[in-house]
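Q: Here is a sequence together with a model predicted from it:
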Amino acid sequence: MDLFGGTISSLEKGLSYATLKNKAITQNIANVDTPNYKTKEVSFKDVLNDAKQATIPAYRTDARHYDFEINIGSNGVYSNENFRSRANGNAVNMDAEQAKLAENTIYYNALIDRVSSKFSTLNNVVKGGR
Amino acid sequence: MSIFHSMNTTASALTSQRLRMDVISSNIANVDTTRAKQVNGEWEPYRKKSVTLKEQQGQFSNFLNMAIGKSEKDGVGNGVKVSSIKEDTETPFKLVYDPSHPDANAEGYVQMSNVDVLKEMVDLISASRSYEANITAFNANKNMLTKALEIGKG
């Protein structure tokens, strides 16, 4: 008998992804004035599958196009090495980071809602609907 | 790595931005200082100071745990830290004609500090905006942690 099914563990993976992503966003916002800092991002697929690859190949339609040089650290955190938005080499886009932060918080809250609702459903079953 | 990792990251940024504001305040306060320190027996005007920030790398414990295979590095980093406070030796001192000033030279010119108040104001606003952005990140993180405590409460 599988009482909990796969739901809780899937949601748990989603939550750990959201937590890691929150850390990356926090780190990016903290380093908005650091010269030569490169934005860190979290790959959803990598966190969910625990897949570890060396690089992400860029889709190049011409041999003269530059490769992205995206380095994946462990746990699906990678940083964009070639992008720079300001003269000091800093690549943090504050608007984008704030948007990602809001999005990530809502996503996290939604997952927490689902977990809570799953537990209350189980509780309902255990109590026999009383 | 604890659940308060993000909060520590934000805290380091808040401290750094606060220090930036302190240094800028010091620059503005000393814009007319003609006797900041003595060099070879001569008084030298105040030199503009600027803060340089750098990304804080993982701490010793993280690397140790990683080396003995206890945990994996999450690759996110540990916030930001102040790497140095440098004095501006590039910009020349401003010369103001005031023969009655005690620090005036033989031609009647006084050397003033090389602080540009306009630039300082721009930096001040930049630091204060970065501070606010970090406050937003901190609040978002706090809400997430509070929400996590609600799991299973029905």
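A: Noted; the coordinates are in hand.
Q: Now residue 22: phi and psi?
A: No chain specified, so I'll use chain A. Reported as degrees, to the nearest 10, the phi and psi values for A:Asn22 are phi -60, psi -40.
Q: so what's it up against?
A: Applying C-beta atoms under 8 Å, 6 or more residues apart in numbering or on different chains to A:Asn22 gives the contacts A:Leu101, A:Asn104, A:Thr105, A:Tyr108, B:Ser6, B:Ala140, B:Asn141, B:Met144. The way it works is simple: take the backbone N, C-alpha and C, and place the C-beta from them, glycine included.
Q: again, 7 Å this time
A: Shown in contact with A:Asn22 (C-beta atoms under 7 Å, 6 or more residues apart in numbering or on different chains): A:Asn104, B:Ser6, B:Asn141, B:Met144.
Q: how much space is there between it and B:Thr15?
A: Distance from A:Asn22 to B:Thr15, counting by C-beta to C-beta, to the nearest Å: 20 Å.
Q: now swap in B:Asn141 and tell me
A: In terms of C-beta to C-beta, B:Asn141 sits 16 Å off from B:Thr15.
Q: now do A:Tyr107
A: 29 Å.
Q: Show me the strands in chain A, by range?
A: Assigned by DSSP state E, chain A shows strands spanning A:40-42, A:70-72, A:77-80.
Q: possible to save those as JSON lines with mean pLDDT?
A: JSON lines is the format used below for the strands of chain A (pLDDT from 0 to 100):
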{"stretch": "strand A:40-42", "mean pLDDT": "85"}
{"stretch": "strand A:70-72", "mean pLDDT": "53"}
{"stretch": "strand A:77-80", "mean pLDDT": "75"}
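Q: Save those as CSV, and put in distance to B:Asn134 and mean neighbour count too.
A: CSV is the format used below for these (distance: least, C-beta to C-beta, whole Å; neighbours: other C-beta atoms under 10 Å in any protein chain shown):
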stretch, distance to B:Asn134, mean neighbour count
strand A:40-42, 16, 22
strand A:70-72, 26, 16
strand A:77-80, 20, 20
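Q: now these as TSV including distance to chain B?
A: What follows is those, written out as TSV (distance: least, C-beta to the nearest C-beta, whole Å):
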stretch	distance to chain B
strand A:40-42	6
strand A:70-72	9
strand A:77-80	4
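Q: could you dump the ones you listed to TSV with distance to A:Asp33?
A: Formatted as TSV, the strands of chain A follow (distance: least, C-beta to C-beta, whole Å):
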stretch	distance to A:Asp33
strand A:40-42	16
strand A:70-72	23
strand A:77-80	17
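Q: Quick check: which of those is nearest to A:Lys118?
A: strand A:40-42 (24.5 Å; C-beta to C-beta).
Q: partners of that closest one, with directions?
A: Paired neighbours of strand A:40-42 in the sheet (DSSP bridges): strand A:77-80 (antiparallel).
Q: And for residue 35, the neighbour number?
A: Just going to use chain A. 15 (other C-beta atoms under 10 Å in any protein chain shown).
Q: my bad, the chain I had in mind was chain B
A: If we define neighbours as other C-beta under 10 Å, then B:Arg35 has 12 of them.
Q: residue contacts, B:Ala133?
A: A:Ile29, A:Val32, A:Met94.
Q: Export those as CSV, with columns for pLDDT, distance to chain B and neighbour count.
A: Converted to CSV, the contacts of B:Ala133 look like this (pLDDT from 0 to 100; distance: C-beta to the nearest C-beta, whole Å; neighbours: other C-beta atoms under 10 Å in any protein chain shown):
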residue, pLDDT, distance to chain B, neighbour count
A:Ile29, 94, 5, 25
A:Val32, 91, 5, 22
A:Met94, 90, 6, 14
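Q: Show me which of those residues is closest to B:Gln38.
A: For those, the nearest to B:Gln38 is A:Val32 (38.3 Å; C-beta to C-beta).
Q: what's near enough to touch the nearest residue in space to A:Val92 that is not next to it in sequence?
A: For A:Val92, ignoring the flanking residues on the chain, the nearest one in space by C-beta to C-beta, 6 or more residues apart in numbering or on different chains is A:Val32 at 4.7 Å. Residues in contact with A:Val32 (C-beta under 7 Å, 6+ apart) are A:Val92, A:Met94, B:Ser130, B:Ala133.
Q: Who has more neighbours out of B:Asn141 and B:Thr15?
A: B:Asn141 (26 against 15).
Q: Next, the buried residues of the one helix or strand the more buried one maps to.
A: In this structure, B:Asn141 sits in helix B:117-148 according to DSSP states H and E. For helix B:117-148, a neighbour-count test (16 or more other C-beta atoms under 10 Å in any protein chain shown) marks B:120, B:123-124, B:126-127, B:130-131, B:133-134, B:137-138, B:140-141, B:144, B:147-148 as buried.
Q: All set, thanks.
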